[in-house]
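J.: coordinates only, no sequence provided:
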């Protein structure tokens, strides 16, 4: 489903992002993007198994989905030097509710081809235990008191994903 079809059916993104909302974020650390902002793909993003990277081997126990999404530009897949962007969605924005809408509306993938960026989209889900009814990433301690450090369970899973991609 195209971005504008989704927006027509569901309204604008909750955070008020524009179709090119990623441009200022990407321009800040490395300068303006040479891209015109044309979406590089129409197909659903490939999924990967998040269980492989989660401490304990079962991502749902950390309020993470069993799969995440990854966009790899063809130049990166062919061996060109590329950078990695980890794009964590907000509350009520995971693929379990919105499918590919966060990557499509976030537009990071739009700039990935021209900017040589691999975009990792890990996914959180809602859960009863730990208590996370809106599928948020753990920013308040629902998964333990060490939620804000690199050794927190969700962060450990994401760091494991980054390492698996060579980072």
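T.: The structure has been received and is ready for your questions. Because the structure is a prediction, the values reported are computed rather than measured.
J.: going forward, measure contacts and count neighbours with C-alpha atoms only.
T.: Will do.
J.: which ones are touching residue 145?
T.: With contacts defined as CA atoms under 8 Å, 6 or more residues apart in numbering, residue 145 has no neighbours.
J.: ignore what I typed, I meant residue 58.
T.: Neighbours of residue 58 in contact, by CA under 8 Å, 6+ apart: 51-52, 66.
J.: show me where the protein dips below the pLDDT cut-off.
T.: Applying pLDDT under 70 to the chain flags the ranges 1-42.
J.: outside of the longest helix along it, which residues touch it?
T.: If you go by DSSP state H, the chain has its longest helix at helix 153-164. Helix 153-164 is contacted from outside by 50, 53-55, 62, 64, 122, 137-138, 143, 147, 149-150, using CA under 8 Å, 6+ apart.
J.: now, which of those sits nearest residue 44?
T.: For the contacts of helix 153-164, the residue nearest residue 44 by CA to CA is residue 122; the value is 15.0 Å.
J.: count of neighbours near the closest one?
T.: 27 (other CA atoms under 10 Å).
J.: go on, residue 141?
T.: Residue 141, neighbours per other CA under 10 Å, totals 14.
J.: which among the contacts of helix 153-164 end up buried?
T.: Buried residues within the contacts of helix 153-164, defined by neighbour count using 16 or more other CA atoms under 10 Å: 50, 53-55, 62, 64, 122, 137-138, 143, 147.
J.: out of those residues, which sit inside strands?
T.: Of the buried ones among the contacts of helix 153-164, none are assigned to strands by DSSP state E.
J.: re earlier: and the longest helix of the chain, what's buried?
T.: Those would be 153-162, for helix 153-164 by 16+ other CA under 10 Å.
J.: who's the most centrally placed residue in the chain bridged to?
T.: Nearest to the mean C-alpha position of the chain, by CA atoms, centre = their mean, lies residue 121 at 2.3 Å. As for beta bridges, residue 121 partners with residue 69 under DSSP bridges.
J.: got a list of what it touches?
T.: 68-70, 86-89, 103.
J.: what's the closest of the buried residues of helix 153-164 to residue 74?
T.: residue 162 (18.8 Å).
J.: for residue 144, see how far away that closest one is.
T.: Counting by CA to CA, to the nearest Å, the gap from residue 162 to residue 144 is 22 Å.
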